[in-house]
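Engineer: Sequence below, structure please.
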Amino acid sequence: MTDPIDLSTDVLVVGGGPAATWAALRAARSGAAVVLADKGYCGTSGATASAGTGVWYVPPDPIEREAAIASRESLGGYLADRRWAQRVLDETFDRLNELAEVARFPFPVGPDGRQLRNGLQGPEYMRRMRILVRRAGVRILDHAPVTELLVDGTGAVAGALGYRRQAREGYRVRAGAVVLATGGCAFQSKALGCDVNTGDGALFAVEAGAELSGMEFSNAYGIAPEGSSVTKTAFYQFATFYRADGSVLDGASGRHRSPIAAELLRDKVYCRLDRADEPARAAMRRAQPNFFLTFDRRGIDPFTDKFPITLIAEGTVRGTGGIRLVADDCATGVPGLYAAGDAATRELICGGFTGGGSHNAAWAISSGNWAGAGAARYARSLGTGSHSRPVRAIGDSGARPGGTRVSGDHREVVAAVQREVLPYDKNYLRHGAVLTESLATLDDIWATVRETLGGTNEQRVRTRQAAAMTAHARWMYHAALARTETRGMAKRLDFPGQDPDQHHRLITSGLDGIRVRPEQAVAAGVAS
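Structural biologist: Numbers count the residues shown, from 1 in each chain. From the prediction side, this is the model:
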């Protein structure tokens, strides 16, 4: 056993992926003392560390930038914000250039001898980010999931409590400010690298009084070979999809997956990447070698052989919903609390359509930097006495049950939530009547969580994750029912058209009683 940890710091960063490491690095460079607490081992846990990713990296040419921004507007239902998109392109361009020229990241070289900086090999990227963070003086707590936030007497966030799994004991970090970079929520669907993405940060934020945005845009499903967890959907732009009888599945593509989901409810769906020419095939293998491991081990040539596929739920990891941001420095509206990466909404750059890998990767880099700088600035403003202010823990559901019969069976709760959010005919092919029925079930699950689910130490980590997933499912379906149209990813079978009167974002708040309200109309500069 090691000694219990009771720390004081300027900035606490919760998470360990790209957004978290960039936030910690930027806060440290701003002169702040920084602690980073990761649920896993920082540099190896999470969706990015397990695979490669494209990056929304566009040179500062006005024509190219305009095309890059415009290409997403229609897909996202004209809910994106051009100013934020431009900011992300600027910040991402600068930070990737820094990664190449200062950190010497080994970007591949194109035929003209110039580096191709629009993609990152996840394992090497995150290995180097850990090194940079440590060199900046950040204290890293590995295998140390945060379980709840601390607030002071005014309600300002002032640190967090957590559990060190290897030491088997709790810890406390008092902080001037906290950055939540915990990722989205994939409901432990077994998508590659996403089992740690259980939506904890959003639960923490809402408990502190923050709001969410875009939670209806949470029904992301990635294409994967049957029996595999690799959801690298970009390559399926080269695919032809087939029914079990060998006929082509009309309307199906890497971007249009509804026909795939509908057919999978009836029978198997097969795929072949037969639209990729030889240069594309070679480039795909260089860019994403792990994509091909499943095929190589099974003796399948995905370019010539048909293979069965499935769809795996990725929720708000690949969707766009998350913690609402109220300022350019990624403040949440709760004093001392900032959010970055997939924990935060990506509507600002993607609107209502998935950010995929490239946009989400750029968002992680840029929002991480802004949140780190903002948190450091806020912590400085508190002065030297902030670490000694009285604090209290605010974790509730899954931590401090309200009933007399306490249960620690988080697995039953998770399985019950998964039955409502993983099936295609509930969450992907959405219909109001089905959503309403599922939401009633989820409300019952939430009541059970509130009354009975609790525990200490490792058990509390699990029960809080179960509470976070339950809360996420309820936020998603409340928002989905409130959007009575089809816009972006939020497709409604009972409302197939886009309604100009609903050209606004939806803000979601609350835990027991969930509220959904429209934000003011989005000034997109184009008709909806």
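Engineer: Give me the phi and psi for the closest residue to Leu79 other than its chain neighbours.
Structural biologist: Leaving out its chain neighbours, the residue that sits closest to Leu79 by Cβ to Cβ, 6 or more residues apart in numbering is Gly351, at 3.7 Å. In short, each C-beta sits where N, CA and C put it, glycine included. Dihedral angles of Gly351 (phi, psi; degrees, to the nearest 10) stand at phi 60, psi -130.
Engineer: And for Gly497?
Structural biologist: phi -100, psi 160.
Engineer: again, but for Val14
Structural biologist: Main-chain torsions, Val14, degrees, to the nearest 10: phi -100, psi 120.
Engineer: quick one: which helix or strand includes the closest residue to Thr44 other than its chain neighbours?
Structural biologist: Leaving aside its sequence neighbours, Thr44 sits nearest to Met126 (Cβ to Cβ, 6+ apart; 6.8 Å). Counting by DSSP states H and E, the element that carries Met126 is helix 122-135.
Engineer: Give me the helices and strands touching that helix, please.
Structural biologist: helix 18-29, strand 139-141 (3 or more Cβ pairs under 8 Å, 6 or more residues apart in numbering; DSSP states H and E).
Engineer: mind running it again at 7 Å?
Structural biologist: helix 18-29 (3 or more Cβ pairs under 7 Å, 6 or more residues apart in numbering; DSSP states H and E).
Engineer: Residues contacting the helix it packs on, please?
Structural biologist: 11, 13, 34, 36, 42, 48, 129-130, 132-133, 136-138, 179, 181, 340-341, 361, 364-365, 367-369, 371-373, 375-376 (Cβ atoms under 7 Å, 6 or more residues apart in numbering).
Engineer: taking those one by one, which sit in strands?
Structural biologist: In this view, those that belong to strands under DSSP state E are Val11, Val13, Val34, Leu36, Val179.
Engineer: In PyMOL, how would I pick out whichever of those residues are buried, leaving the exposed ones unselected?
Structural biologist: Here is the PyMOL selection string for the buried members of the ones in strands among the contacts of helix 18-29, based on 16 or more other Cβ atoms under 10 Å:
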select buried, resi 11+13+34+36+179
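Engineer: State the number of residues packed around the closest residue to Gly76 other than its chain neighbours.
Structural biologist: In space, and not counting its chain neighbours, Gly76 is closest to Gly351: 2.2 Å by Cβ to Cβ, 6+ apart. If you count neighbours by other Cβ atoms under 10 Å, Gly351 ends up with 28.
Engineer: Then Leu453?
Structural biologist: By other Cβ under 10 Å, the burial measure for Leu453, its neighbour count, is 30.
Engineer: Got the confidence number for the nearest residue to Ala37 once chain neighbours are set aside?
Structural biologist: Distances taken as Cβ to Cβ, 6+ apart place Leu141 nearest to Ala37, at 4.4 Å, with adjacent residues excluded. Predicted confidence (pLDDT) for Leu141: 98.
Engineer: who's in contact with Leu141?
Structural biologist: Leu141 neighbours (Cβ under 7 Å, 6+ apart): Val35, Leu36, Ala37, Asp38, Arg164.
Engineer: just the CA coordinates of stretch 483-496, formatted as PDB?
Structural biologist: Only the C-alpha atoms of stretch 483-496 are listed here, as PDB (Å, rounded to 0.1, in the frame of the first residue of the first chain):
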ATOM      1  CA  ARG A 483     -37.000  17.500 -31.800                       C
ATOM      2  CA  THR A 484     -40.100  16.600 -33.800                       C
ATOM      3  CA  GLU A 485     -38.400  16.700 -37.100                       C
ATOM      4  CA  THR A 486     -35.400  15.000 -38.900                       C
ATOM      5  CA  ARG A 487     -32.300  17.100 -38.800                       C
ATOM      6  CA  GLY A 488     -28.700  15.900 -39.000                       C
ATOM      7  CA  MET A 489     -28.300  12.600 -37.100                       C
ATOM      8  CA  ALA A 490     -31.600  13.100 -35.300                       C
ATOM      9  CA  LYS A 491     -33.800  11.200 -37.600                       C
ATOM     10  CA  ARG A 492     -37.400  10.500 -36.700                       C
ATOM     11  CA  LEU A 493     -39.400   8.000 -38.700                       C
ATOM     12  CA  ASP A 494     -42.600   9.700 -37.600                       C
ATOM     13  CA  PHE A 495     -41.300  13.200 -38.500                       C
ATOM     14  CA  PRO A 496     -39.200  12.600 -41.700                       C
END
